[in-house]
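>>> Generate a structure from the sequence data that follows.
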Amino acid sequence: MSAYQNAYQQSVASPDIFWLQQAKNIQWFTPPTVALENDANGIERWFPDGELNTSYLALDYHVENGRGDQTALIYDSPVTGKKAQYSYAVLRDQVAKCAGMLAALGVTKGDRVVIYMPMIPQAAISMLACARLGAIHSVVFGGFAPNELAVRLEDAEPKVLLTASCGIEVCKVIPYKPMVDQAVMDSRWKPDKVVVYQRSEQPAALDHERDADWATLFERASPHDCVPVNSTDPLYILYTSGTTGKPKGVVRDNGGHAVAMKYSMSTVYNMEPGEVFWAASDVGWVVGHSYIVYAPLIHGCTSIMFEGKPVRTPDPAAFWRVCDEYNVSVLFSAPTAFRAIKKEDPDGKLIGDYPMASLRTIFMAGERLDPPTLEWVELHTGRPVIDHWWQTETGWAISCNPIGLESFMTKPGSSTQPTPGFNVQILNELGQPAETNQQGFIAIKRPLPPSCLSTVWRNHDRFESGYLQQFPGYYVSGDGGYVDEDGYLFVMGRIDDVINVSGHRLSTGEMEEVVGAHEAVAECAVVGVYDEIKGQLPLGLVVLKDGYYSHDGDIEKALVAKVRSEIGPVACFQRAIVVDRLPKTRSGKILRRIIRQIADGESYSVPSTIDDPASLDDICHVLSGH
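Here you go, the predicted model:
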């Protein structure tokens, strides 16, 4: 068998043997002898008799083994003009002091700490400091509305809230303290202390008894050692959107997470210790947790924290400048970032200004990677683009092109093969295996591999009902897709993105592929809207590349003809509307469900994760004219 086949087969046939072997690649305080056992809820838990500390693995271990002078974290902030670099030794000392600061405020093992910060080093330092104490951190994206922060405070019940005085966007300063004050006032749960890191761009008034100044507390804090924790103890809670409107607190453990992070850096990303890894994301998202803070540091790499955008900081060359300046080996971001770059620099002219001599591979995830974006990036950068698919709930890739084991030929639209550890199955509505090339529910046969969520914080019933009950013995991803004759997985989008037109089940993702391949289209969304005759009809919204304009609807007509030609009349694709922008979350996911609700005249709730609320007004205006 090939290297991949050997690893994958062992991982699904004998997961206990496979993962106990991988566990030897990290430094435990007490090495586990048991790979897997069920907890009181019947949920599989990894390495239950092991003891470790995630902060130790990410920092102290490397310092003790000669990497103290290596750069661990690079901070690059084009929105402020500031840059900084932290060696492993310096970052360890900063984290130890921060842990001491939290301990002085009464934070101990098992306590929760909410972190509401922008993309500054103190955010990563805070996360690692919590891990050092055995405290459970919950990072809330800086700038979230007060109501959303309040909901998370009530659910997590933190002893301390760590924040900054402000966040910096393009040409805009966002004061955080007023939002924090409002959230604490609205929340039934009040943290003992709100610690504020003052940024020079806009300091905040500390006018409540609970408020404290970060610099003052940090200065007088004593460094704190790493606290041993059980492998199954929670490392963090990360809230993700729920269908009920109430966010779900995904719980990640310490031991399984650390083992999976270490394994993924070599298997998925083919990284060597000492190389530079850049996940162009935010610590508020799972990508930031896994691949800005934890995995690169556990693996001994240099990680980059970028406070900026792919465009307008200052131009569409921001990503290429960072890759070139810091000798980045692997770049990882969401397709929406590259579509934004493509829109403003459609011919990729600015890429040529930066040789990026160290850049080997570009990874994308977070949303469906449309083939036109993949092809544009590969053409203009000359680097292979690798699509991989994963979820907040799993914490790392469910399917990938495992270049650390062997490199497969890519197929546009596919995230390639299941990652070792993930026994991926396509099930029909009865829970039976689907045929090759037949679309169905993407499910993962249990046991789930290390790092996957073990429960929903304070609501295990929601975990069971949301993920495990539909098909007993499986975790249901909520996404639909199919596996082809070569074993390649194609993720076609959320199950509710499949529409029913006159009894025909059609994938809006497939239509988006066709529309997005037109030379004038920068990005697009296709949703199913209500039709009295056919049940549903597809509606396309498209954003054009800079320099393209639709004259008398010529581009719209061309897109309708293109879908009719490539998918067929059965798709009933009759409407394509040009818009200036699409409503998205801050992580770049297009709000397709809300677009559909607007088109159908239904009421909708503006999600806390929306990047630009005014974009919904634009869609309402455009659709009212159609």
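
>>> can you pull out the helices in the stretch 501-626 of the chain?
Per DSSP state H, counting those that start in this stretch, the stretch 501-626 of the chain carries helices over the ranges 508-516, 554-566, 592-599, 614-624.

>>> Out of the ones you listed, which one sits most buried?
Counting by mean count of other CB atoms under 10 Å, helix 508-516 has the highest mean neighbour count of the helices of the stretch 501-626 of the chain, with a mean of 24. To be clear about C-beta, it is placed using only N, CA and C from the backbone, and glycine gets the same treatment.

>>> Can you check what angle separates it from helix 592-599?
80 degrees (axes from the mean of the first three to the mean of the last three CA atoms, to 10 degrees).

>>> could you say what helices and strands whichever helix in the chain runs longest packs with?
Longest helix in the chain by number of residues (criterion: DSSP state H): helix 88-104. Here helix 88-104 touches helix 61-64, strand 71-77, helix 121-133, helix 214-220, going by 3 or more CB pairs under 8 Å, 6 or more residues apart in numbering; DSSP states H and E.

>>> Tell me which of those sits most buried.
helix 121-133 (a mean of 27).

>>> Just the mean pLDDT for stretch 10-20, thanks.
Stretch 10-20 carries an average pLDDT of 98.

>>> so how far is that stretch off the chain centroid?
26 Å (CA atoms, centre = their mean, to the nearest Å).

>>> Quick check: buried residues in that stretch?
10-12, 15, 18-20 (16 or more other CB atoms under 10 Å).

>>> which stretches of the stretch 401-550 of the chain aren't confidently modelled?
496-498, 500, 502-505 (pLDDT under 70).

>>> now the chain
241-245, 496-498, 500, 502-505, 625-626.

>>> my read: residue 510 touches residue 566, true?
No: at 9.1 Å, residue 510 and residue 566 do not qualify as touching, with contact defined as CB atoms under 8 Å.

>>> Helix or strand: which one has residue 284?
Here residue 284, judged by DSSP states H and E, is contained in no helix and no strand.

>>> residue contacts, it?
Contacts of residue 284 were listed using CB atoms under 8 Å, 6 or more residues apart in numbering, and they are 139-142, 144, 586.

>>> can you check residue 458 too?
The contact partners of residue 458, by CB under 8 Å, 6+ apart, come to 155, 249.

>>> Need the three-state assignment for it.
coil (DSSP: H, G, I helix; E, B strand; the rest coil).

>>> What are the structural domain limits within this structure?
3-308+388-469+476-481, 502-624 (automatic domain parsing).

>>> And the shortest one, how far out from the chain middle?
For domain 502-624, the distance between its averaged C-alpha position and the chain's averaged C-alpha position is 24 Å (CA atoms, centre = their mean).

>>> So which residues of the stretch 151-300 of the chain form helices?
For the stretch 151-300 of the chain, applying DSSP H, counting those that start in this stretch gives helices covering 177-186, 214-220, 255-267, 286-288, 295-298.

>>> For residue 360, which of those helices is the nearest?
helix 255-267 (13.8 Å; CB to CB).

>>> Just the CA atoms of that closest one, as PDB, please.
Output of helix 255-267 as PDB, limited to C-alpha atoms (Å, rounded to 0.1, in the frame of the first residue of the first chain):
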ATOM      1  CA  GLY A 255      -4.600  15.900  24.900                       C
ATOM      2  CA  GLY A 256      -6.400  14.900  21.700                       C
ATOM      3  CA  HIS A 257      -6.100  18.500  20.400                       C
ATOM      4  CA  ALA A 258      -2.400  18.600  20.900                       C
ATOM      5  CA  VAL A 259      -1.800  15.200  19.300                       C
ATOM      6  CA  ALA A 260      -4.000  16.100  16.300                       C
ATOM      7  CA  MET A 261      -2.400  19.500  15.900                       C
ATOM      8  CA  LYS A 262       1.100  18.000  15.800                       C
ATOM      9  CA  TYR A 263       0.100  15.300  13.400                       C
ATOM     10  CA  SER A 264      -1.700  17.700  11.100                       C
ATOM     11  CA  MET A 265       1.300  20.000  10.700                       C
ATOM     12  CA  SER A 266       3.400  17.200   9.100                       C
ATOM     13  CA  THR A 267       0.700  15.200   7.400                       C
END
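
>>> Now do that helix: distance to the chain's middle.
Worked out by CA atoms, centre = their mean, helix 255-267 lies 16 Å from the chain centre.

>>> Which elements pack onto that helix?
helix 15-22, strand 44-46, helix 295-298.

>>> helices or strands next to the first one in the packing?
Which is helix 15-22. helix 3-13, strand 36-38, helix 255-267.

>>> same question, the second one
Contact here means 3+ CB pairs under 8 Å, 6+ apart; on that basis strand 44-46 packs against strand 36-38, helix 255-267.

>>> Please report how far residue 326 lies from residue 587.
From residue 326 across to residue 587, the span is 23 Å (CB to CB, to the nearest Å).

>>> just residue 495 next, same as before
Distance of residue 495 to residue 587, computed by CB to CB: 20 Å.

>>> Check residue 403 too.
Counting by CB to CB, the gap from residue 403 to residue 587 is 24 Å.

>>> Going along the chain, name the helices of the stretch 351-500 of the chain.
Under DSSP H, counting those that start in this stretch, the stretch 351-500 of the chain gives helices at 371-381, 460-463.

>>> how far out from the middle of the chain is the last one?
In terms of CA atoms, centre = their mean, the centre of helix 460-463 is found 22 Å from the chain centre.

>>> quick one: contacts of it?
41, 242, 248, 453, 455-456.

>>> let's go with 7 Å and repeat that
Helix 460-463 is contacted from outside by 41, 248, 455-456, using CB atoms under 7 Å, 6 or more residues apart in numbering.

>>> Tell me who's in contact with residue 545.
Per CB under 7 Å, 6+ apart, neighbours of residue 545: 342-343, 346, 520, 522.

>>> mind redoing it with 6 Å?
343, 346, 522 (CB atoms under 6 Å, 6 or more residues apart in numbering).

>>> and if you look at residue 491?
389, 415, 479, 481.

>>> Contact partners for the second one?
By that I understand residue 415. 387-389, 399, 489, 491.

>>> what's the answer for the last one, then?
Contact partners of residue 481, counting by CB under 6 Å, 6+ apart, are 442, 490-492.

>>> returning to that earlier point: take the helices and strands packed on strand 44-46 and lay them out in JSON lines including mean neighbour count and distance to residue 282.
Compiled in JSON lines, those are given as follows (neighbours: other CB atoms under 10 Å; distance: least, CB to CB, whole Å):
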{"stretch": "strand 36-38", "mean neighbour count": "14", "distance to residue 282": "33"}
{"stretch": "helix 255-267", "mean neighbour count": "26", "distance to residue 282": "18"}
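
>>> Throw the helices and strands packed on helix 255-267 into TSV and include distance to residue 115, thanks.
Output for these, formatted as TSV (distance: least, CB to CB, whole Å):
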stretch	distance to residue 115
helix 15-22	29
strand 44-46	25
helix 295-298	17
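
>>> what's the closest of these to residue 252?
Here strand 44-46 is closest among the helices and strands packed on helix 255-267 (CB to CB), at 11.4 Å.

>>> Just checking: what are the partner strands of that closest one?
strand 36-38 (antiparallel) (DSSP bridges).

>>> now the strand it pairs with: how far from the chain's centre is it?
27 Å.
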